[in-house]
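S.K.: Provided below are the primary sequence and the corresponding predicted coordinates.
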Amino acid sequence: MKKQPHNSRAGISPLAAVKGIFGTVWRGLITLMMVGIITGCIVACVMTVYILKYIGADNDIDLNMVKMGYTSIIYAYNNQTGQFEELQLLYYGGENRIWVDYENINPDTINALVAVEDKRFWSHKGVDWRRTVGAFVGLFIPIEGTTSGGGSTITQQLVKNVTEDNDYRIERKVREIFRALKVSEKYTREDILEAYLNIVPLGNGTNGIQAAANLYFDKDAKDLSLAESAAIVGITQYPGRYDPLRNPDSNKTRQEYILGEMLVQGKIDQAQHDKAVAEELDWKGEKHFEALAATQSYFVDYVISEVIADLMAEKGYTYNHASDLVYKGGYRIYATVDMEIQAHLEDIYSSTDNFPELLNADYPQSASVITDPNGKILAMVGGIGEKEGARVLNRATQSKRHPGSSIKPLAAYALSFEYDRITWSSMIEDGPITLADGTRWPVNYYGSYDGLMTVDLAIQRSTNTIPAKLVDALGPQRVFDFLTKDLHFHSLVEREVVGSRVFSDITLSAMALGGMTHGVTPLEMAGGYQIYVNGGKFTEPYSYTEVLDSQGRTILENDTAQRQVLSKDTAVVVNRLLQRVVTGPRGTGVAANLGIMPTAGKTGSSSNDLDFWFIGITPYYVCQVWMGYDEQTYVDQYGNLRYNSIVSYSYPPSRLWKTIMLPLHEELEYKNFIDSEGVVSMSYCTISGDIAGPNCPSAAGWYKKSRIPNTCSGHVADNVEEPDSGSSGGSSGRGSGSSGTGPSIFDRLPQGD
């Protein structure tokens, strides 16, 4: 019989069995440990992701967005230097920021910053762990060599400034570290330094090295010396303590410390160090404080408003977005202002002592605009006295007032000459029109109707009846279209409903005599009169030529092209007539005659003398002057409504115009207004208005060759009536004349559209 084995389980020995059991247990433990480790890693990863999201450390930092919030600059051309210069800085939130690219930053500035703020900047990955650990230990254990709060690298400081994350809790520091690591991976060291040096606060409301260089040394960042670079970099740690304008000694101490660090780190040699320490710095702080105290001009106000309006119109932006871009988009706006003329105009408008004397107890307000002959705005003032604040009421661009007779050359006479309906010597009856309701209208300011008179005399005397008849013949709609479409009078009303009333400026009163619904602005009037200086061309008045963004790309460009809206011949003839307003024997604007330069213009006053105007032109300039009260009526002590009329023994706007313009022409070369080959000077009969015959009393006139009157043949040598001295024809009792145009041009002219 065969003997059975001792262990019935496959013949395994006891030792082998024990080993098998332990092996199984060990594999189980290993498995559990691996599962635990894997689970722990998963949990840790999930927790890390959660924590990073919770504290916001996973948010990307876009350094391109750093370029928003930067100071826009308005530049003006300096006639003396032939260069554009800063006219106005447009700060956002009181902070001056001007972007500068890395290549335009002085290397001394970069070396000074790295030396004092982050000496291992070029080697670490956004976080200097040695400094970070030292700073962390220093929070709890005051061990020599550790720092408290000094562990932030330049990259971390940039993150803090960009995000404006100033929380003092530990999670903020963790968030900052992770963000810095991501920024360091995403951007080059040069990108980081460029961004940091453009955003870092450097005292006195200034952010960035370019703005600081401008402020403290009146230089560009690339032109700073080593000593100046160290002084500005020294401000970064504590802008208040190291403010060089208020604490120059503290700043000097900090500067020398930085120069010492640069020497130790081998960024400069001993000679450079000693020279920089010895350099006496010329701080320019007074310019900064003067700029803060100064109020921006009416011209700057208008530039800002025009750029905002154009951004809205051309880009479709909302007002708020367009305004944000102007104030913090780092724009470069090239203005048209002539700084010398602007200063001259502001000086005159600084006090009523420079204005003509009036009989009013309270002096009225005034506004003036000066342009070149092609619509470029050279100067603008919107009120008398000290300007209080930025973008306050600008009467030159915002106050709409009735222009009175100053509208006549643009409305009644322009198209009447253009369509050859009148000539210089056309005889027209100075008499009223009978309206549909039987009213005889209008009346003249001189209180009478003086019979037949020439167009020349009608313009000189600012007669009302004759332009009313001219507009009636042309049709108010045609005149309205010319003013709004060709001369861009945006203030005129085509149709406006207020309650149950309908208002419109397509009327005889509005188009002939300036009795509009709201009126027009001084700037619109100045713009209109340019056509009589440049030969009938129009460009809407503009205050800037172009706007560039912070990258130098053109954002806006003004259309400065001239459009021919009136024939050159017509413009030259009307110009000659406007010269008669200031040189003729009956001219209402004689007080404006410069004497040293050809001068033309037109007076205008609204009903009850509420508004006084003079728009004058020379071969060099167009200048408009308006005078009036902001409140045109008031209630007296008895409850009666009264008018705030201007009271004077003379016509003050013409005299004020001469006060403004005479100094501007004293050193200019004499030149005449432009002429036209299509215009000729001829003598006309002062009785008939036709071209003078051999026996006619005569005076000189100017005529378009396309519209020369017939020659007068109604006089013989023994029956000649001599004209008054200097007369341009026409007077009460003169009669209708014996031939030629006869009693009225309207007997042979079409009557409107």
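M.R.: Received, thanks. Numbering: from 1, shown residues only.
S.K.: Mind telling me what element the residue nearest to the spatial centre of the chain is part of?
M.R.: What sits nearest the mean C-alpha location of the chain, by CA atoms, centre = their mean, is Val303, with 0.8 Å. Val303 is part of helix 298-315 when elements are defined by DSSP states H and E.
S.K.: Just the CA trace of that helix, in CSV.
M.R.: Below are the C-alpha coordinates for helix 298-315, written out as CSV (Å, rounded to 0.1, in the frame of the first residue of the first chain):
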residue,chain,number,x,y,z
TYR,A,298,-12.2,126.4,-25.0
PHE,A,299,-10.4,125.1,-28.1
VAL,A,300,-9.3,121.9,-26.3
ASP,A,301,-12.9,121.5,-25.0
TYR,A,302,-14.0,121.5,-28.6
VAL,A,303,-11.4,119.2,-29.9
ILE,A,304,-12.4,116.6,-27.3
SER,A,305,-16.1,117.0,-28.2
GLU,A,306,-15.4,116.8,-31.9
VAL,A,307,-13.3,113.6,-31.6
ILE,A,308,-15.9,111.9,-29.4
ALA,A,309,-18.6,112.9,-31.9
ASP,A,310,-16.6,111.6,-34.8
LEU,A,311,-15.9,108.3,-33.1
MET,A,312,-19.6,107.9,-32.5
ALA,A,313,-20.5,108.8,-36.1
GLU,A,314,-17.7,106.9,-37.9
LYS,A,315,-17.2,103.9,-35.6
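S.K.: Need the contact partners of it.
M.R.: Identification of contacts with helix 298-315 by CB atoms under 8 Å, 6 or more residues apart in numbering yields 74, 87-88, 90, 317-319, 322-323, 325-326, 331, 333, 335, 337, 342, 377, 379-383, 387, 390-392, 394, 396-397, 542-544, 547, 555-556, 558. All C-beta spots, glycine's among them, are computed from the backbone N, C-alpha and C.
S.K.: what mean pLDDT does that helix have?
M.R.: Regarding helix 298-315, the rounded mean pLDDT is 96.
S.K.: The following helix or strand past that helix to helix 298-315, inter-axis angle?
M.R.: Using DSSP H and E, the next helix or strand after helix 298-315 towards the C-terminus is helix 319-328. Put simply, helix 319-328 runs at 130 degrees to helix 298-315, going by axes from the mean of the first three to the mean of the last three CA atoms, to 10 degrees.
S.K.: which other helices and strands contact helix 319-328?
M.R.: strand 72-78, helix 298-315 (3 or more CB pairs under 8 Å, 6 or more residues apart in numbering; DSSP states H and E).
S.K.: mind listing what the helix or strand harbouring Ala699 pairs with, with the direction of each?
M.R.: Ala699 belongs to strand 698-704 when assigned by DSSP H and E. Take DSSP bridges as the rule and strand 698-704 pairs in its sheet with strand 679-685 (antiparallel).
S.K.: pLDDT on the strand it pairs with, on average?
M.R.: In the prediction, strand 679-685 has an average pLDDT of 97.
S.K.: same deal with stretch 395-406?
M.R.: 97.
S.K.: What is the end-to-end distance of it?
M.R.: Using CA to CA, to the nearest Å, the end-to-end distance of stretch 395-406 comes to 17 Å.
S.K.: same thing with stretch 555-569?
M.R.: 38 Å.
S.K.: Give the buried residues for that stretch.
M.R.: Ile555, Leu556, Asn558, Gln562, Val565, Leu566, Ser567, Lys568, Asp569 (16 or more other CB atoms under 10 Å).
S.K.: Out of those, which is nearest to Gln530?
M.R.: For the buried residues of stretch 555-569, the closest approach to Gln530 (CB to CB) belongs to Gln562, at 9.1 Å.
S.K.: pretty sure the closest one contacts Gly535?
M.R.: No. The pair Gln562 / Gly535 is not scored as a contact, 9.3 Å apart, by CB atoms under 8 Å.
S.K.: for stretch 603-623, which positions count as buried?
M.R.: Neighbour-count burial for stretch 603-623 [16+ other CB under 10 Å]: 603-606, 609-623.
S.K.: Show me the shaky parts of the stretch 51-200 of the chain.
M.R.: 51-60, 64-69, 92-94, 132-151, 164-172 (pLDDT under 70).
S.K.: which residue ranges form the strands in it?
M.R.: 72-78, 83-90, 96-97 (DSSP state E, counting those that start in this stretch).
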